[in-house]
Structure formats: C-alpha cells, structure tokens
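Visitor: Got a predicted structure plus its sequence, pasted below:
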Number of protein chains: 2
Amino acid sequence: MPRRKLRTPELKQRLRDAAVEVLAEQGPGGFTTRRIAGAAETSTPAVYELFGDRAGLVREVFFEGFGALRVRLAATGETGDPTADLRALGSAYRAFINANPQLARVMFSRPFSDFDPGPDELGAGSSVRELIVRRVERCIEAGAIEGDAIDVAHGLVALIQGLAEAEISRRLGTSRASVDRRWDLAIDAM
Amino acid sequence: MPRRKLRTPELKQRLRDAAVEVLAEQGPGGFTTRRIAGAAETSTPAVYELFGDRAGLVREVFFEGFGALRVRLAATGETGDPTADLRALGSAYRAFINANPQLARVMFSRPFSDFDPGPDELGAGSSVRELIVRRVERCIEAGAIEGDAIDVAHGLVALIQGLAEAEISRRLGTSRASVDRRWDLAIDAM
DNA sequence: CGCGTTTCGTGACAACGTCACGATATAGTT
DNA sequence: AACTATATCGTGACGTTGTCACGAAACGCG
C-alpha cells in the first residue's frame, strides 16, 4: 500500500558519486548537503536517511578515496625488479594525489571539522599500506633494503605524504623541474 | 568630538590571542567570529574592521604559528656537533606540532575552506626553512651529508611533516614505543 | 546644555546542517 | 470505480554561521 521507495542503495551510490564530484569541482567549501542532493536529483532529507548526517557522507567519500587509491597502486604490477616496483608505487601515489587533490585532502588532512577519522576509519589506510609493505618486503628479500618492512613502509608513506602535501601547497618549489628533483632526491635518500 | 576609539592595535592583538586560544581549545569547529569576539570582550564587527573577514583572522593565526615555531627552533642552539644539532631541530619540530596540534593544522593543512595560503603566505614557511637550511649547510661542511642544502632541507621538512601528520592522526602506530622508533628510523635513514 | 562628528554594537540577511510534519502515492478492499 | 490505510516523500521551519547596514551612543567644543 505504500508508495514506491526511492531512497535505495542506487540513490545512495548516486549521492556518493555526486559528493565526490562536487568535492572535486567546488572543494570543501562547496560540499553542502543541498548542493549534493541537488546534483543527485533528490532532496536533503534523503541524505540524512541514507548517511545519518553530513559527516557520514564525508566518511563515504573518505572510503571511496582509499578504494580508488588502492586500485591505482595495485595497477602498478610487479616486475622482476623490486626496487623499481617500489619506486613505481611512489610515482603512482604521487600521481593519484595530484590528480585528486581535494579527495586526497579528505583522506589525509581534515578539511571538515565534523568528520574526524577514528580507529575504525584507519583500517582504510592500513589496507593501502599493506600493499606497500608487501613491496618493501620484496626489496628486503632481494637485499636492496634492510630493516623491518612495516617500519620502513611507515617511513616511506610519511615521506611521500609530506612531499605530496608540500607539492599541493606549492611549498616544494616553483618550477616543475625543482619539484621533480626534490621528489627524486628524497625518495632516493630513503 | 568623536568618541574614543576602541578598535586599536591592542584590541587586534587581544583578538589574535583569543583566536589562538579558541582554536587550541575548541578546534576549527569552534572557531567562530562570535565566539572569538566574545572571548576578546568585543563585538563581531570589530573583527571585520580589524581583519577584513574570518579568513583574515585565520591568516593571522597562521603567521602567529610560524613565528612561534621559528622561536622554538631557534631556541635549540648550535653546538659543536652539526648532526646532533640537526637532529635536535627535528625533535623540536615534532614537539611543537604535538604541543600545538590545532595550530599546526592551520599552518600545514587547510582546515578552513576560506583561507588558502597563497604566494605571500608561503614566506612564513620559508623563513623557518631557512633556519633548517643553515643547519643542513653546517652538516654538509662537516662532511656528514652531501647534496644541495636547500633540496635536502626540503626533503627533511617534508619527511618531518609527513611523520608529524601521521602521528597526530594516530596513523603512525598505537604504542608510544613504535611511534618513537619509526620517527628515529625514518630520520636516521634520511 | 546642545551640536556635529566619529565610532560602536544591535539587528538583519543569506546560506548552512538538520529534521518535524503535512502532502503524496500506491495496493488492497468494497 | 471509489475509498481507505499506510509507508514514504519533500516542503518548510529552526538554530547557527559569516557578514554588514544603520540607527544608537559617546565625546570635545561652543
């Protein structure tokens, strides 16, 4: 007897997509429930039924981002040269952050004061790091690196993260050449 | 003939201090013009006369933060051991970020969608980096490090930045011991 | 005591997150 | 075919934010 339900998982996905799109185009400032609901051709209460509150929507974008990053990193296959593979991972990481700067901000900074990733959300990041740990392990086995793989991966991720953040903020240099050089130098040093 | 002016540089400083305090205590979410004006015992229009808009106030906090950081770093004097001095700089940097996490977020992330540090604001960061560059140069002269001092400093700052960001987000590990170990390992590797 | 000028803060406006509640659509019943 | 019952929808409201126009207030001088 009721009317047909419109707030389905499909609408939820449409809202997710709209949220990612609005974020990429307008930045965190344009990330409003009204605008996103409008972009998905629905009303704001639908957002609240499907995601709880705005932070819930940000949370989904957060996970969406880590999913995409994991896919990109996994796409850099493994060759016979573990060191080159590890370096390729770093390049892919850098490329992802530069291609999706706003998304990266949601993942690694906290542009929204209401969404604060807690212990549950950290799992999203560690799934990505596991991928890196595996590549580091291969380098250790090949004798190219020494130390604990997890510790090394942490350091490497932190370095990449810091470099990427600096690059986005145009803090790493003005010319493309010097930015590239600093990336290479830092990664090599590590 | 007019009434006495209250919106003086003194009030401006009081607002700056109030802003820093409110930020530290309530985070970016509590950083509202009303609250800050109230904490400085004035009205919101005073904020707009003295700072233009909220972003202007954030901007001041941003500079305040870099000033404080520079003071802390300079406080670690130079001894006869350039390498130890450089390491001390890293420790001080880390300590500052941990002691003022919200302030650090304003300086290095972008928790406020309205304030986006442009070319002018980058000078604040480079004054801090110059201090680091000098220490790196001393290490190079002592033969402990090789390469271009500015490039090395950039890499070092990026690494420290990434580690600090990860530590604040509790991404670097759960126990104090492993966080410390990862800091030391990463810095040593560099 | 009043006047002119400068300065102040109250109150308004638009936009935001959020949700109560009346409007709407549908299947079954008569 | 009309009606009812009910699950579902979106309009409109509330409190809060950044921002600023404009009337109220304070002061030195006549």
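Guide: Cool, the structure landed.
Visitor: Which pLDDT value goes with the residue of chain A found nearest DNA strand D?
Guide: Nearest residue of chain A to DNA strand D, counting by C-beta to the nearest atom of the strand: A:Pro2, 2.8 Å away. No exception for glycine: its C-beta is placed from N, CA and C like everyone else's. In this prediction, A:Pro2 carries a pLDDT score of 84.
Visitor: Secondary structure element for it, which one?
Guide: Of the helices and strands defined by DSSP states H and E, none includes A:Pro2.
Visitor: quick one: average confidence on stretch A:13-21?
Guide: pLDDT averaged over stretch A:13-21 gives 98.
Visitor: Do it and DNA strand C come into contact?
Guide: No. Applying C-beta under 7 Å from any atom of the strand, one finds stretch A:13-21 out of contact with DNA strand C, separated by at least 10.7 Å.
Visitor: how far does that stretch sit from the chain's center?
Guide: Mean C-alpha position of stretch A:13-21 versus that of the full chain (C-alpha atoms, centre = their mean, to the nearest Å) differs by 16 Å.
Visitor: tell me the contacts of A:Asp53?
Guide: A:Asp53 makes contact with A:Asp114, according to C-beta atoms under 8 Å, 6 or more residues apart in numbering or on different chains.
Visitor: again, only this time at 10 Å
Guide: By C-beta atoms under 10 Å, 6 or more residues apart in numbering or on different chains, the contact list for A:Asp53 reads A:33, A:47, A:59, A:114-115.
Visitor: will you turn these into TSV that also has pLDDT, distance to B:Gln102 and secondary structure?
Guide: Formatted as TSV, those follow (pLDDT from 0 to 100; distance: C-beta to C-beta, whole Å; DSSP: H, G, I helix; E, B strand; the rest coil):
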residue	pLDDT	distance to B:Gln102	secondary structure
A:Thr33	98	26	helix
A:Val47	98	28	helix
A:Arg59	98	21	helix
A:Asp114	96	15	coil
A:Phe115	96	16	coil
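Visitor: can you redo those as JSON lines with distance to B:Leu89 and neighbour count?
Guide: Below are the contacts of A:Asp53 laid out as JSON lines (distance: C-beta to C-beta, whole Å; neighbours: other C-beta atoms under 10 Å in any protein chain shown):
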{"residue": "A:Thr33", "distance to B:Leu89": "45", "neighbour count": "19"}
{"residue": "A:Val47", "distance to B:Leu89": "47", "neighbour count": "25"}
{"residue": "A:Arg59", "distance to B:Leu89": "37", "neighbour count": "21"}
{"residue": "A:Asp114", "distance to B:Leu89": "35", "neighbour count": "12"}
{"residue": "A:Phe115", "distance to B:Leu89": "33", "neighbour count": "19"}
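Visitor: What is the neighbour count of the residue of chain A closest to DNA strand D?
Guide: Neighbours of A:Pro2 under the rule other C-beta atoms under 10 Å in any protein chain shown: 4.
Visitor: before we move on, what about the one 5 residues further on?
Guide: As a burial measure, the neighbour count of A:Arg7 was computed by other C-beta under 10 Å and equals 15.
Visitor: Surely it touches A:Leu50?
Guide: Yes. Using C-beta atoms under 10 Å, A:Arg7 is in contact with A:Leu50, at 5.9 Å.
Visitor: what residues do those two have in common as contacts?
Guide: Common neighbours of A:Arg7 and A:Leu50 (C-beta under 10 Å, 6+ apart) are A:15, A:42.
Visitor: Wondering if the strand or helix carrying A:Ala104 reaches chain B at all.
Guide: In this structure, A:Ala104 is located in helix A:101-108 according to DSSP H and E. Yes. Counting by C-beta under 10 Å from any C-beta of the partner chain, chain B is contacted by helix A:101-108 at A:105, A:108.
Visitor: in that helix, what counts as buried?
Guide: A:102-108 (16 or more other C-beta atoms under 10 Å in any protein chain shown).
Visitor: could you dump the residues you listed to a markdown table with pLDDT and distance to DNA strand C?
Guide: Shown next, in a markdown table, are the buried residues of helix A:101-108 (pLDDT from 0 to 100; distance: C-beta to the nearest atom of the strand, whole Å):
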| residue | pLDDT | distance to DNA strand C |
| --- | --- | --- |
| A:Gln102 | 97 | 15 |
| A:Leu103 | 98 | 17 |
| A:Ala104 | 96 | 20 |
| A:Arg105 | 95 | 16 |
| A:Val106 | 96 | 14 |
| A:Met107 | 95 | 19 |
| A:Phe108 | 92 | 21 |
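Visitor: and A:Ile168, what pLDDT?
Guide: Residue-level pLDDT assigned to A:Ile168 equals 88.
Visitor: Am I right that it is in contact with B:Arg110?
Guide: Yes. The pair A:Ile168 / B:Arg110 is scored as a contact, 9.4 Å apart, by C-beta under 10 Å.
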